[in-house]
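Engineer: starting from these lines, generate the structure:
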Amino acid sequence: MVKSADWRERFTTFYSRRPHPVFARVPGYARWSESDPYYPPFEITLKEIDLIVDYVETLRSPE
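Structural biologist: Numbering: from 1, shown residues only. A predicted model of the protein is given here:
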């Protein structure tokens, strides 16, 4: 995915992209659905997402 031109946007908004809203919980954002997730839900903050994106950016190969 990091080779995609929009990889950063995809990483920073993964929690709102299907199927992630079912099991990814971000404080301050409403649940996407009241149905039970098919995978154990987890909570992640926007700050934690930013830290992950910063780390992933260090893994990119030089172009």
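Engineer: helices or strands next to the helix or strand residue 47 falls within in the packing?
Structural biologist: Taking DSSP states H and E as the definition, residue 47 sits inside helix 46-58. Where contact means 3 or more Cβ pairs under 8 Å, 6 or more residues apart in numbering; DSSP states H and E, helix 46-58 is packed against helix 7-12. Bear in mind the C-beta positions are built from the backbone N, C-alpha and C, glycine included.
Engineer: quick one: mean pLDDT over the next helix or strand after the helix it packs on.
Structural biologist: In the C-terminal direction, the helix or strand that comes right after helix 7-12 (DSSP H and E) is strand 24-25. Mean pLDDT, computed over strand 24-25, is 85.
Engineer: and strand 24-25, what does it pack against?
Structural biologist: Against strand 24-25 (3+ Cβ pairs under 8 Å, 6+ apart) you get strand 42-43.
Engineer: sec struct for the residue nearest to residue 23 when sequence neighbours are not counted, please.
Structural biologist: Spatial nearest neighbour of residue 23, excluding adjacent residues (Cβ to Cβ, 6 or more residues apart in numbering): residue 37 at 4.0 Å. What DSSP: H, G, I helix; E, B strand; the rest coil gives for residue 37 is coil.
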